[in-house]
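Trainee: Compute the structure for the input listed below.
(2 chains)
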Amino acid sequence: MTSRTEAQQRADDIRVFRQELGRLEHEGVLVLDESQRRAVAVHHDRLLAELSREYDIDRDVREKKLSLGMKTASFLGALALAASVFFLFHQFWGRFSTPLQVSILVGAALATFAGTLSIRERDASGYFTKLAAMVAFACFVLDIAMLGQIFNITPSDNAFIAWAAYALLLAYACDLRLLLAAGILCFVAFASARTGTIGGLYWLHFGEHPENFFPAAALLLLAPPFVNHHGYTGFPALYRVFGLLTLFLPVLILANWGRASYLAFDPKVIEGGYQVLGFVGSAVAIWLGMRRSWPEVVNTGMVFFVIFLYTKFFDWWWDVMPKYLFFLIVGLTAILFLVILRRLRMAAVRMGQEGVGS
Amino acid sequence: MNAWTRWRTAALGVALIAATNVVALVGVAYNRSGEPESMLTLTQREVGKLNAWGFGHENSGLELGLRWRTAGSDYFGFNYGDDAGEEDAPSWIDPVRLAALGFDLPDMEDAGKRRRYVERQSSRDALVVLEFDGPAYRREVERVRRRADEAQARAAAATNDTELKRRADGARNQLARMEREETRLYVVDAGPDLAPLRAKYPDKTRYAIVHAEIRPTVLERKGKARLSAYVQLATAHIMVPLEFRDTWERGHGLGTKPGLLDVQIAFGKRLEPWIVAVSSHQGSEGPEVH
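Mentor: This next block holds a predicted model:
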């Protein structure tokens, strides 16, 4: 086992196996003799005890529900502590000399980083590590932002790449998807700002042209195959989801607001082109997700396909159609999607069964 | 995590934090090294405390903002202004300067199409020249004085017209404010490079060159479309170090009359500002420039 997620998956598999074995015995399909049953039970009990000791996993449904509450508390606590650090510094910093301000900022960043690594060694559950890592990230963001304010440094996009690097370091060191998301967002901001400055744009206005986000989207979508994510459950999925969001959200904006494009064509032509790109892109995402068994890609592609489709329905029919008819068509379209997806799922199950049979 | 990974992670993290801070602080040291690129001695007419909003009331830091404007404008920029010049007010915004900054200003017959093309362009980085208490300010005072004299003459010619009298009083008050309270800091030029601008404006105690973002626009004044620009200074907020806070707050407490404090601001090699001294007119309490 290399991560808590893998350990939890194994514990869940054991729990499900025990339930199914019980059913098979009750139905008379498979009955283990006493020595086999005892050997399996001893092995599983020892394994569960080991996993529980090392990774603090949930051994049953009740513990799982409690864990969900702990995850929520950990997330909210992390955000609140990060905000508290920010406002604490703001409350008192004006009373310190400049050398003391710099010392506190750098010291806080280093101390919270050391604290996070120390807590990581002792916290099998990961909840306290998440709290500590968020505080460490907040301290580093505050460090750079406040240095800029204290010394009146000209704002630049370089801070984003430093924050991204730090967030990614914490994410991979502590197996935290929340910090991975923070790192990805900082990276997207940096890459998009840099793309904008290549065209002469002032970096802060990179959002005025959504096409600035496309290189960042491409890098995020291409990243998972080139990085070894063994033991980091959920990391590749997060890269893919953020990559698709970074791609499709700008396409959605440009599909409705062609004037924001770099292209020197008529805005209506640009909007039409990006609408087609949106439909084709989301359909490709759904197909690819089903082919590679990436459910997050299928779901994201489906969401954007629906958004693009309903946006077109609105453009075509909202003003000319009675509202009951408009919503009836929207509802019927949703049913059509359900039918198509059900057929695709049945086809996938058939293909799986044929694979097993052969 | 095994021991090797632990130590490698710790080393990477410490190196990242240290390197980022070192880069930032070395940049600051470089900016403040040697002789400043320019040094302006401003007053409370040109610098003011930023208004706290939202959570700003809990911010114990003291930050000042530059008050500046451009010639001919009817309203003032704080750290954001624009030029909406009258026909008789000279403007530094012209197609040649904007083209030098990288903007595309084509000759189009269709005025609406040209306007849309110009305004579609996004902001660009530029260097702007801030002039303190110079010809631009004096021309503005003369322009306001001329308007006040004209308003006075019209009111005198129609003694029963209370509206004309009210406008004459307003123009006179505006002149008084211009002479005693309003900022004397004006944006007078812009360009992509420092050396040519400094060669054109060599007086480092009157002209500061700073980073800004500029975006062209088209304004309509009296039925005429005029090329203009939005300007936003990159570092118009300046932190007040602890050693000068008492002097500033004492100077503020003496009343609302501006001009009782001198704030000496240096602009360094990276054109980033810092406060060198804050002194009242009773005597200087600032340290030596370094």
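
Trainee: Please give the number of neighbouring residues around A:Leu341.
Mentor: If you count neighbours by other Cβ atoms under 10 Å in any protein chain shown, A:Leu341 ends up with 14. Every C-beta, even on glycine, is put in place using the N, C-alpha and C of the backbone.

Trainee: So for whichever residue of chain B sits closest to chain A, what's the nearest residue that isn't a sequence neighbour?
Mentor: The nearest approach of chain B to chain A comes at B:Ser60, 3.2 Å away (Cβ to the nearest Cβ). Closest residue to B:Ser60 in three dimensions, ignoring its sequence neighbours and counting by Cβ to Cβ, 6 or more residues apart in numbering or on different chains: A:Gly94, at 3.2 Å.

Trainee: Which residue is the nearest non-sequential neighbour of A:Phe308?
Mentor: A:Phe308 sits nearest to A:Gly278 (Cβ to Cβ, 6+ apart), 4.4 Å away.

Trainee: Next SSE downstream of the helix or strand that that neighbour is a member of?
Mentor: In the assignment (DSSP states H and E), A:Gly278 maps to helix A:267-291. Next helix or strand after helix A:267-291 toward the C-terminus (DSSP H and E): helix A:295-317.

Trainee: Now that next one: average pLDDT?
Mentor: Mean per-residue pLDDT for helix A:295-317: 90.

Trainee: follow-up on the earlier one: could you check how far the residue of chain B closest to chain A is from B:Val28?
Mentor: For B:Ser60, the distance to B:Val28 (Cβ to Cβ, to the nearest Å) stands at 22 Å.

Trainee: mind checking the longest helix of the chain?
Mentor: Because you didn't say which chain, this covers chain A. Ranked by residue count and defined by DSSP state H, the top helix of chain A is helix A:323-357.

Trainee: Chain B is the one I meant
Mentor: Chain B, longest helix under DSSP H: helix B:3-31.

Trainee: which other helices and strands contact that one?
Mentor: helix A:98-122, helix A:127-150, helix A:158-174 (3 or more Cβ pairs under 8 Å, 6 or more residues apart in numbering or on different chains; DSSP states H and E).

Trainee: what's the angle from the second one to helix B:3-31?
Mentor: Inter-element angle recorded for helix A:127-150 and helix B:3-31: 10 degrees (by axes from the mean of the first three to the mean of the last three Cα atoms, to 10 degrees).

Trainee: Now helix A:127-150 - C-alpha only, CSV.
Mentor: C-alpha atoms of helix A:127-150 as CSV (Å, rounded to 0.1, in the frame of the first residue of the first chain):
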residue,chain,number,x,y,z
TYR,A,127,-7.2,15.4,8.2
PHE,A,128,-4.8,17.3,10.4
THR,A,129,-2.2,17.3,7.7
LYS,A,130,-4.7,19.0,5.3
LEU,A,131,-5.3,21.7,7.9
ALA,A,132,-1.6,22.3,8.4
ALA,A,133,-0.8,22.2,4.7
MET,A,134,-3.5,24.9,4.0
VAL,A,135,-2.1,27.1,6.7
ALA,A,136,1.4,26.6,5.3
PHE,A,137,0.2,27.5,1.8
ALA,A,138,-1.6,30.6,3.2
CYS,A,139,1.5,31.7,5.0
PHE,A,140,3.6,31.4,1.8
VAL,A,141,1.0,33.3,-0.3
LEU,A,142,0.9,36.0,2.4
ASP,A,143,4.7,36.1,2.5
ILE,A,144,5.1,37.0,-1.2
ALA,A,145,2.0,39.2,-1.3
MET,A,146,3.0,41.2,1.7
LEU,A,147,6.6,41.6,0.6
GLY,A,148,5.2,43.2,-2.6
GLN,A,149,3.1,45.5,-0.6
ILE,A,150,5.8,46.5,2.0
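
Trainee: Just give me how far that helix sits from the chain centre.
Mentor: Offset of helix A:127-150 from its chain centre (Cα atoms, centre = their mean, to the nearest Å): 20 Å.

Trainee: got the angle between that helix and helix A:98-122?
Mentor: Using the same axes, to 10 degrees, helix A:127-150 lies at 160 degrees relative to helix A:98-122.

Trainee: Buried residues of helix A:127-150, list them for me.
Mentor: Neighbour-count burial for helix A:127-150 flags A:127-150 (criterion: 16 or more other Cβ atoms under 10 Å in any protein chain shown).

Trainee: Just after the longest helix of chain B, pick out the following helix or strand.
Mentor: Next along from helix B:3-31, by DSSP H and E: strand B:38-43.

Trainee: Just the closest residue of the stretch 1-150 of chain A to chain B, please.
Mentor: A:Gly94 (3.2 Å).

Trainee: From what I see, that residue and B:Asn59 are in contact.
Mentor: Yes. Taking Cβ atoms under 8 Å as the definition, A:Gly94 is a contact partner of B:Asn59 at 7.2 Å.

Trainee: Tell me the secondary structure at A:Pro155.
Mentor: What DSSP: H, G, I helix; E, B strand; the rest coil gives for A:Pro155 is coil.

Trainee: was I right about it contacting A:Tyr202?
Mentor: No. If you go by Cβ under 8 Å, A:Pro155 and A:Tyr202 don't touch, sitting 10.3 Å apart.

Trainee: mind listing the strands for the stretch 51-200 of chain B?
Mentor: Taking DSSP state E, counting those that start in this stretch, the strands of the stretch 51-200 of chain B run over residues B:63-66, B:69-70, B:80-82, B:124-132, B:185-191.

Trainee: list the contacts for the residue of the stretch 1-150 of chain A closest to chain B?
Mentor: With contacts defined as Cβ atoms under 8 Å, 6 or more residues apart in numbering or on different chains, the neighbours of A:Gly94 are B:59-62, B:242, B:245.

Trainee: let's see it at 6 Å
Mentor: For A:Gly94, the contacting residues are B:60-62, by Cβ atoms under 6 Å, 6 or more residues apart in numbering or on different chains.

Trainee: Turn the residues you listed into CSV, including neighbour count.
Mentor: Output for those, formatted as CSV (neighbours: other Cβ atoms under 10 Å in any protein chain shown):
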residue, neighbour count
B:Ser60, 13
B:Gly61, 21
B:Leu62, 17
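
Trainee: which one among those gets closest to B:Leu42?
Mentor: Sorting the contacts of A:Gly94 by how near they are to B:Leu42, with Cβ to Cβ, puts B:Leu62 at the top with 15.8 Å.

Trainee: mind checking how far the closest one is from B:Ala24?
Mentor: Taking Cβ to Cβ, one finds B:Leu62 at 21 Å from B:Ala24.

Trainee: How about B:Asp149?
Mentor: In terms of Cβ to Cβ, B:Asp149 sits 53 Å off from B:Ala24.

Trainee: Quickly list what the residue nearest the centre of chain B is bridged to.
Mentor: Note on chain B: the residue nearest the mean C-alpha position is B:Trp68, at 4.0 Å, using Cα atoms, centre = their mean. Counting by DSSP bridges, B:Trp68 forms beta bridges with B:Gly77.
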